[in-house]
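Engineer: kindly generate the corresponding structure for this input.
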Amino acid sequence: MKVRKIYEKNNQWNLAVIMLLVILVNIVAVSPVYASTDYKVEWTEDDFMYSSEGNIIAFSDKGLEKKEKTNILVFPEGTKSINGNYSLSHSNDELRYKREFGRGKHWDKVIIPDSVKHLGYAAFYDASIDEVKLSNSLTYLGGLAFFNCGLSEVTLPDTLVNIEHNAFERNNLQEIIIPKSVKTIEQYAFSKNKLHTVKVLGNPTINSKGVFHNQEVEYRPKQNPFYENHFGFNGNQGFKSIPNGLRFENGEFVFDKNVDSVELEFDYNNDMYQGKMTIYNPNNIPLILKQI
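Structural biologist: Numbers count the residues shown, from 1 in each chain. Here you go, the predicted model:
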């Protein structure tokens, strides 16, 4: 009898071990494998080159090494300005293009601390940026600062005064709010985006030469009919004509029942806000797309 009890206990123990092994194998089989390059990297002052105290111009050698370990760029607190176009003024530096923050580099996120007031010319020229957090003290945004960066959204701080030429040209912006603090917006600053909505809260001097021109827009109103003051440039569209299938009545646009979408050309204020817009009828969007 004693031998039998020991045998039964051994069987139970063996069964428990086997079940544990099965569970472990299943866990290993379904658990995600994380790349060894998933670093948590802290950026410091030593990672950058400076023209003077607090004024960053490029990556240092140490910063170039750190860039290989992360796609998140966080400038150190206390930085006063971030200048670009290092390669133009340092032609003798063999690494001049690599030291720049743009020039084809990809960033998942760029964080500019609130100590920064000046973002210089071509600071992130031709970078690929998924997300950017601008300084809440920023007053000056230089020409070509975010040219061709693939940005789909950006929040401008209410301290911003000057937006220079081509600053956000060739991105994927769909909406932009220009704060009341802005005094000047120069030519082509937001050209070649996807802006269906531009809201200007103040009364800045806007260079009429294509500041918001050449837009390729898709607009998806939430309801039909939809109001003119919900999109366009401060509620102005500048449509050259309204095609069949869409009507304008008493400040509202109304789709005909069986129309899925319409294409329109628009030009408001002599090429300042100009482009092509496709508007989709919200009542005719498949249910599965509405739920996404």
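Engineer: tell me the secondary structure at Ile177.
Structural biologist: Recorded secondary structure, Ile177: strand (DSSP: H, G, I helix; E, B strand; the rest coil).
Engineer: these two touch, right, it and Leu195?
Structural biologist: No - here Ile177 lies out of contact with Leu195, judged by C-beta atoms under 8 Å, at a distance of 11.1 Å. Heads up, the C-betas are built off the backbone N, CA and C, glycines and all.
Engineer: give me the more crowded residue out of these two.
Structural biologist: Using other C-beta atoms under 10 Å as the criterion, Ile177 and Leu195 rank with Leu195 on top: 26 against 14.
Engineer: confirm that the more buried one sits in a helix.
Structural biologist: No - read with three-state DSSP, Leu195 is coil and lies in no helix.
Engineer: could I get the full set of helices for this structure?
Structural biologist: For the chain, the helices defined by DSSP state H occupy 2-30, 61-67, 86-89, 96-99, 287-290.
Engineer: now do the buried residues in the third one.
Structural biologist: Of the residues in helix 86-89, those scored as buried under the neighbour-count criterion (16 or more other C-beta atoms under 10 Å) are Tyr86, Ser87.
Engineer: and stretch 184-204, end to end?
Structural biologist: Distance between the two ends of stretch 184-204: 5 Å, counting by C-alpha to C-alpha, to the nearest Å.
Engineer: stretch 263-272 too?
Structural biologist: Stretch 263-272 has an end-to-end distance of 20 Å (C-alpha to C-alpha).
Engineer: how about stretch 176-189?
Structural biologist: 12 Å.
Engineer: identify the residues contacting it?
Structural biologist: The contact list for stretch 176-189 (C-beta atoms under 8 Å, 6 or more residues apart in numbering) reads 143, 154-169, 190, 195, 197-202, 204-207, 209-213.
Engineer: chain center to that stretch: distance?
Structural biologist: A distance of 18 Å separates the centroid of the chain from that of stretch 176-189, by C-alpha atoms, centre = their mean, to the nearest Å.
Engineer: how about the residue most central in space within the chain, nearest residue that isn't a chain neighbour?
Structural biologist: Most central in the chain under C-alpha atoms, centre = their mean is Leu151, positioned 3.1 Å from the mean C-alpha point. Ranked by C-beta to C-beta, 6 or more residues apart in numbering and with sequence neighbours excluded, the top spatial neighbour of Leu151 is Asn171, at 4.4 Å.
Engineer: distance check, that neighbour against Tyr125.
Structural biologist: 12 Å (C-beta to C-beta, to the nearest Å).
Engineer: intersection of neighbour lists for those two?
Structural biologist: Shared contacts of Asn171 and Tyr125 (C-beta under 8 Å, 6+ apart): Asn148.
Engineer: what number of residues lie near the closest residue to Lys80 other than its chain neighbours?
Structural biologist: The shortest distance from Lys80 to any non-neighbouring residue, by C-beta to C-beta, 6+ apart, is to Gly54 (3.7 Å). Gly54 has 14 neighbouring residues, counting by other C-beta under 10 Å.
Engineer: Gly54 touches Thr79, doesn't it?
Structural biologist: Yes - using C-beta under 8 Å, Gly54 makes contact with Thr79 at a distance of 5.8 Å.
Engineer: overlap of the contact sets of these two?
Structural biologist: Going by C-beta under 8 Å, 6+ apart, residues that sit against Gly54 and also against Thr79 are Ser115.
Engineer: show me the domain layout of this protein.
Structural biologist: Following the TED database, one finds the domains of the chain at 40-213, 216-291.
Engineer: can you give me the offset of the first one from its chain's centre?
Structural biologist: Read that as domain 40-213. How far domain 40-213 lies from its chain's middle: 11 Å, per C-alpha atoms, centre = their mean.
Engineer: and stretch 101-117, how far apart are its ends?
Structural biologist: Stretch 101-117: ends 18 Å apart by C-alpha to C-alpha.
Engineer: now do that stretch, average pLDDT.
Structural biologist: Computed over stretch 101-117, the mean pLDDT rounds to 98.
Engineer: report the buried residues of it.
Structural biologist: Buried, per 16+ other C-beta under 10 Å, within stretch 101-117: Phe101, Gly102, Arg103, Lys105, Trp107, Val110, Ile112, Pro113, Ser115, Val116, Lys117.
Engineer: over to stretch 186-203?
Structural biologist: Quick answer for stretch 186-203 (16+ other C-beta under 10 Å): 186-198, 200.
Engineer: and if you look at stretch 117-130?
Structural biologist: 117-129.
Engineer: got a list of contacts for it?
Structural biologist: Contact with stretch 117-130 is made by 80-85, 100-110, 112, 132, 134-135, 137-151, 159, 164, as judged by C-beta under 8 Å, 6+ apart.
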